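*Asks:* Kindly return the folded structure for what I paste below:
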Amino acid sequence: MKSPLYLLFFITSFLVSQTSFTQENFEKTKIVTNVFKALKKQKVKVFLKNLPTKDDITYLIPIERAAQPDKDIPDVDTIISNFKIDASENFRKVIKKGNAFGIEWKDIILQKVRYDANPDPDPSIQLERGNITLVCKSNDKKFLIVIRKTYKIRDTWRLMEGIKFTLL
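*Replies:* All right, here's what the predicted structure looks like:
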């Protein structure tokens, strides 16, 4: 009678420890440090370092074509150009919105980072992806910066959509 209970305990302990050891420390990832630094210094160039590279896009195109064969996919340079334009505009809007709420960007403090896996699962695309949330503080104001739809492409997290500012 005790044997199945011990086995269940062992399996549960193994799975819990396996999950906790394999979980990535998002606070130390390049995407988190770059986004935080870009916001703190209000530098769009630092923010754009998180976009997929030409090699990343070249890697993703066959995956996207396999998932959606009828979809018209632009060339790599057009994709990168559109990403840069959209990300720059998004970054400036977040800075402006934070300013409107009295955020002192140069004084922000990163309090916590969390990751929410795969907010819109698509089984045809086999990449790790999700939202990364930065819980920040500036003086007496707490706010969230959500890095939306990040993809882990060839072991590097990349910004695929933009960021969102939410005052708490």
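*Asks:* Now do the buried residues in the host helix or strand of residue 40.
*Replies:* Assigned by DSSP states H and E, residue 40 belongs to helix 30-41. Buried residues in helix 30-41, counted by 16 or more other C-beta atoms under 10 Å: 31, 32, 34, 35, 36, 38, 39, 40. No exception for glycine: its C-beta is placed from N, CA and C like everyone else's.
*Asks:* Likewise for stretch 49-61?
*Replies:* So, applying 16+ other C-beta under 10 Å, buried residues of stretch 49-61: 50, 51, 52, 56, 57, 60.
*Asks:* Name the nearest of those relative to residue 110.
*Replies:* residue 50 (15.6 Å; C-beta to C-beta).
*Asks:* so what's the nearest residue to residue 134 once chain neighbours are set aside bridging to?
*Replies:* Computed as C-beta to C-beta, 6 or more residues apart in numbering, the closest residue to residue 134 that is not its neighbour in sequence is residue 145, at 4.3 Å. Listed beta-bridge partners, residue 145: residue 134, residue 165 (assigned using DSSP bridges).
*Asks:* I'd assumed residue 165 was in contact with residue 145.
*Replies:* Yes: the criterion here is C-beta atoms under 8 Å, and residue 145 meets it with residue 165 at 6.2 Å.
*Asks:* shared neighbours of those two, anything?
*Replies:* residue 94 (C-beta atoms under 8 Å, 6 or more residues apart in numbering).
*Asks:* by how many degrees do the longest helix anywhere in the chain and helix 30-41 diverge?
*Replies:* The longest helix of the chain (DSSP state H) is helix 76-100. Inter-element angle recorded for helix 76-100 and helix 30-41: 50 degrees (by axes from the mean of the first three to the mean of the last three C-alpha atoms, to 10 degrees).
*Asks:* What mean pLDDT does helix 76-100 get?
*Replies:* Here helix 76-100 scores 95 as its mean pLDDT.
*Asks:* for stretch 37-47, same thing?
*Replies:* On average, stretch 37-47 scores 96.
*Asks:* would you put the C-alpha positions of it in CSV?
*Replies:* Provided in CSV are the C-alpha atoms of stretch 37-47 (Å, rounded to 0.1, in the frame of the first residue of the first chain):
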residue,chain,number,x,y,z
LYS,A,37,18.0,50.0,-20.4
ALA,A,38,16.3,51.5,-23.4
LEU,A,39,13.4,52.7,-21.3
LYS,A,40,15.7,54.0,-18.6
LYS,A,41,17.8,56.0,-21.1
GLN,A,42,14.9,56.5,-23.5
LYS,A,43,17.0,55.2,-26.4
VAL,A,44,15.1,53.7,-29.3
LYS,A,45,18.4,52.2,-30.8
VAL,A,46,18.9,50.1,-27.7
PHE,A,47,15.3,48.9,-27.9
